[in-house]
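Participant: Please work out how this folds:
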Amino acid sequence: MNLSDAMRATTRPQLYGTWIKRRYNCWVSELAVCPLAGAFETGGLLNLSSGLGKWPGVRLLVAKWKARWRWPILRIKTACPACACSDCTGSYNVFRIVLHLNDDHQWSRNQIADWLAEGEQIHKLARPALLDESRKLWAELRETTTPVNT
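Facilitator: Residues are numbered from 1 along each chain as shown. Reported below is the predicted structural model:
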């Protein structure tokens, strides 16, 4: 499952400014989540079915690290698609830009997922070329280096 698909499949209300928060609506309480936390839950990296439970910060931290390996697009550096602010000109990774789009620009979860889907498609197309280039570089490195005899 792609990150954009996991984000779209989230059924919890969207939250701005923080990751997870219990909201009270009349007599019913529900958990609201930011788009990334919702994707983590949908993708199976974070279990919120029984509420926040003990140590929610630690559980969220573990989910963040797992997500960076499960969805490598989160580690790519990029610029914010919504603004030309000096803070976002290619110096932050997609992980941070998603939080920025949610909190600062108040993008909907679907808008963020649409932007991510474009990036995932580009990343998917570029990945084989990067692997081939990496293999060529390693082969050249092996050919040019001589083992050191001790």
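
Participant: C-alpha only now, for contacts and for neighbours.
Facilitator: Noted.

Participant: how about the helices in this structure?
Facilitator: 3-8, 35-42, 56-70, 94-103, 109-144 (DSSP state H).

Participant: buried set for stretch 64-74?
Facilitator: Neighbour counts over stretch 64-74 (16 or more other C-alpha atoms under 10 Å) mark 64, 67, 73-74 as buried.

Participant: Residue ranges in the protein under the pLDDT threshold?
Facilitator: 25-29, 50-56, 84-90, 124-135, 137-138, 141-142, 144-150 (pLDDT under 70).

Participant: What about the nearest residue to His105 once chain neighbours are set aside, how many residues nearby?
Facilitator: Nearest-residue entry for His105: Ala82, 7.5 Å, with adjacent residues in sequence omitted and distances by C-alpha to C-alpha, 6 or more residues apart in numbering. Ala82: 13 surrounding residues under other C-alpha atoms under 10 Å.

Participant: so how far is Ile97 from Ala82?
Facilitator: 10 Å (C-alpha to C-alpha, to the nearest Å).

Participant: likewise Glu30?
Facilitator: From Glu30 to Ile97 the distance is 26 Å (C-alpha to C-alpha).

Participant: Neighbour count for these two, which is higher?
Facilitator: Using other C-alpha under 10 Å, the more surrounded residue of Glu30 and Ile97 is Ile97, with 23 against 13.

Participant: Please report how far the residue nearest to the more buried one when sequence neighbours are not counted lies from Ser91.
Facilitator: Spatial nearest neighbour of Ile97, excluding adjacent residues (C-alpha to C-alpha, 6+ apart): Cys80 at 6.1 Å. Distance, Cys80 to Ser91, using C-alpha to C-alpha: 10 Å.
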